[in-house]
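Asks: here is my input; please provide its structure:
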Amino acid sequence: MSVKTTDALKSRVRALPKKPGIYFFKDSNGNTIYIGKARSLRERVGSYFLTTFDSKVNKIISETKEIDYILTDTEKEASFLENNFIQQSQPKFNLRSKDDKSFPYLKLTLNEKFPGIYFTRKVKPDGAKYFGPFYPTNQARKTMLLINKYFRIRSCKEAIPGKRKRPCLEFDLKLCSAPCTGNITASDYREKVNNAILFLEGKTDRLINTLEEKMQQASNRQEFEHAAYLRDLIFMIHHIKDKPKFISVKIENKDIFGFYREKDNIYLNVFLMREGKVVESESLFTRRAEGSSDRETLFTQILRFYKNRKDLPYKIVLPFLPKEKDKLSKKLKKIKGKKIEIIIPVKGKNKKLVELANRNAEHLLEKDIEQFSPLMELKNILSLKSLPLHIDGFDISSTGGKESVGSLVVFEHGKPRKNKYRKYKIKTVKTPDDVACIREVIQRRYKRLLSTEKKELPDLILVDGGKGQLNTTIKTLKKLGLENTPVISLSKKEEIIFTQHHRIGIRLDRTSPALKLIQRVRNEAHRFAIYFHRQQRKKKSFSSFLDNIPGIGKKRKALLLDKYKGITEIKKAPLGELAKLTGPKTASILLENINMEVNSNGD
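Replies: Numbers count the residues shown, from 1 in each chain. Predicted structure coming up:
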């Protein structure tokens, strides 16, 4: 890692809050390589940049180009969230936590006549009630023992009714009510179960009132032993009621939105909960449209967020009511195919989740200043109507004008979206003419885009080159009816930005965040174009090689080109696999020629 990169990361660390949460170390491609938890994010992450001889830490820091984080209320919550994200992302440096072992839960089998309580690490939709997760792990065992001791709930798998004639040792130790021998009625046992649920859900005041009433009744009936048992139970609940509560778990798929506004800047944070666990967090940023309310902005951003997503939840939890809730529900139903419940909580667990999402949305102002400041600067420099949240970047690569290819890269919120990259083989241009190639790629890209339902038009188009590339792009877009789409070009040598309104070009300071962003888009488009061009040259070489193999005609050649990328892949392929495509005799001849080719090249 360069000194410059290290200094930038240290500067990022100094801006981290002194609050609990989880942190993400990411590489140059935006991939998460390490996840950790912290009582204080600034202090914990800062410790990685102290002088250390730990080879693993040095390796993590050497590959880290970006640091991200999520705030939590406590270090305990951070532990749970860390585990969820590690299971989901599988970072390469989190070696110990990559397996499916997770924090424990307590399972109360309410689907049985005489429910039992058990230790488990998996939550299933089996009719049972789950409590947890527990941290540290031994807290689950201790809590289960409390339930056994004070509520006499069984923890065995004994059949009820069973063949046992007398209770086991658990009954003698007063850790079970022995329902297996008929020692307690179903109604009395169910009452103990209900009391245990109140205790586990933290509803201790309600439980104490109920038990005090029962104790008084037992005393009036002169059932002093039972009254003493209830007295001890009440004392125990008073003693531990201020300790952490263990909330029941539901297997839910829901998204929780947080919202924060700073003047006209809108920040949203979304927690994606799947099967009862928060496994992903996404941030959104936009500028409030003139005259629009927060409710209108929330409505627009929700639709934008789900527009191209396939994994939609069953519930959406929001901080406040969006404008036209019924209209929003109908649009979401059309996307998912099923009704999505919209919840605006006023209390309970959902309310706490929204508050946490709100706090993370607020911290986006500080957290993503590096991400959004280039977009703001670019908007001001180019006099754009809105932030360039979606940038399309284009480049051309060729060898002396032959075998030309084009590339498209997409940046959203200042970050590459590689699943949206596209490659183009130039079809109409046969001479060395990058301007004509750009014209063809722009025409094909946006003509096709306009014909689809999801018209993801960019906020800004960047083409690699000078005035020629800029002018042909503007003319092509005008013919397609997209003359209002902003276009810029960036020359390679002098790094001058050309626009429709700045024909002499704009020179930015080399430290400008806006310049660094468009350089990154340009360089990524250039890299992607060269990569595709090399692939095509390699494939053509492979194609020419196949032309000289006896027994391989057009049909067999097409099958081989479709299945294998090159000579190396065929060399590794089993003879039987090749024989299915070419026949046994031709397969043997092909491998023989490949070996001769490899040996002649000295490989």
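Asks: the closest residue to residue 497 other than its chain neighbours: how many residues sit nearby?
Replies: Leaving aside its chain neighbours, residue 497 sits nearest to residue 506 (4.3 Å; criterion: CB to CB, 6 or more residues apart in numbering). The C-beta positions use only the backbone N, C-alpha and C, and glycine is treated the same way. By other CB atoms under 10 Å, the residues close to residue 506 number 17.
Asks: for residue 506, phi and psi?
Replies: phi -120, psi 130 (degrees, to the nearest 10).
Asks: neighbours around residue 235, how many?
Replies: Residues contacting residue 235 under the criterion other CB under 10 Å number 10.
Asks: is it true that it lies in a strand?
Replies: No: secondary structure assignment (DSSP: H, G, I helix; E, B strand; the rest coil) places residue 235 in helix, not in a strand.
Asks: if I look at it, how far off is residue 143?
Replies: Distance from residue 235 to residue 143, counting by CB to CB, to the nearest Å: 18 Å.
Asks: next one: residue 482
Replies: Distance of residue 482 to residue 143, given as CB to CB: 62 Å.
Asks: before we move on, what about residue 393?
Replies: 55 Å.
Asks: the helices in the stretch 351-500 of the chain, which residues?
Replies: Using DSSP state H, counting those that start in this stretch, the helices of the stretch 351-500 of the chain run over residues 369-382, 434-450, 467-479.
Asks: in TSV: those, plus mean neighbour count and distance to residue 388.
Replies: Output for these, formatted as TSV (neighbours: other CB atoms under 10 Å; distance: least, CB to CB, whole Å):
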stretch	mean neighbour count	distance to residue 388
helix 369-382	18	6
helix 434-450	19	17
helix 467-479	18	16
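Asks: okay if I get those as a markdown table plus mean pLDDT?
Replies: Below are these laid out as a markdown table (pLDDT from 0 to 100):
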| stretch | mean pLDDT |
| --- | --- |
| helix 369-382 | 78 |
| helix 434-450 | 90 |
| helix 467-479 | 92 |
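Asks: with distance to residue 214 added, can I get the ones you listed in a markdown table?
Replies: Formatted as a markdown table, the helices of the stretch 351-500 of the chain follow (distance: least, CB to CB, whole Å):
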| stretch | distance to residue 214 |
| --- | --- |
| helix 369-382 | 59 |
| helix 434-450 | 70 |
| helix 467-479 | 78 |
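Asks: so which of residue 482 and residue 143 has more stuff around it?
Replies: A count of neighbours by other CB under 10 Å puts residue 143 above the other of residue 482 and residue 143, at 22 against 18.
Asks: tell me what the helix or strand where the more buried one lies is packed against?
Replies: Using DSSP states H and E, residue 143 sits in helix 138-151. Judged by 3 or more CB pairs under 8 Å, 6 or more residues apart in numbering; DSSP states H and E, helix 138-151 is in contact with strand 105-108, strand 117-120, helix 186-200, helix 224-240.
Asks: quick one: buried residues of it?
Replies: By neighbour count on 16 or more other CB atoms under 10 Å, the buried set for helix 138-151 is 139, 140, 143, 144, 147, 148, 149, 150, 151.
Asks: now do the strands in the stretch 401-550 of the chain.
Replies: 402-412, 415-416, 422-425, 460-464, 487-490, 497-499, 502-506 (DSSP state E, counting those that start in this stretch).
Asks: check the offset of the longest one from the chain's centre.
Replies: Relative to the centre of its chain, strand 402-412 is centred 27 Å away, using CA atoms, centre = their mean, to the nearest Å.
Asks: relative to strand 460-464, how tilted is it?
Replies: 150 degrees (axes from the mean of the first three to the mean of the last three CA atoms, to 10 degrees).
Asks: quickly run through the sheet partners of strand 402-412, with directions.
Replies: strand 390-399 (antiparallel), strand 415-416 (antiparallel), strand 422-425 (antiparallel) (DSSP bridges).
Asks: cheers, nothing more for now.
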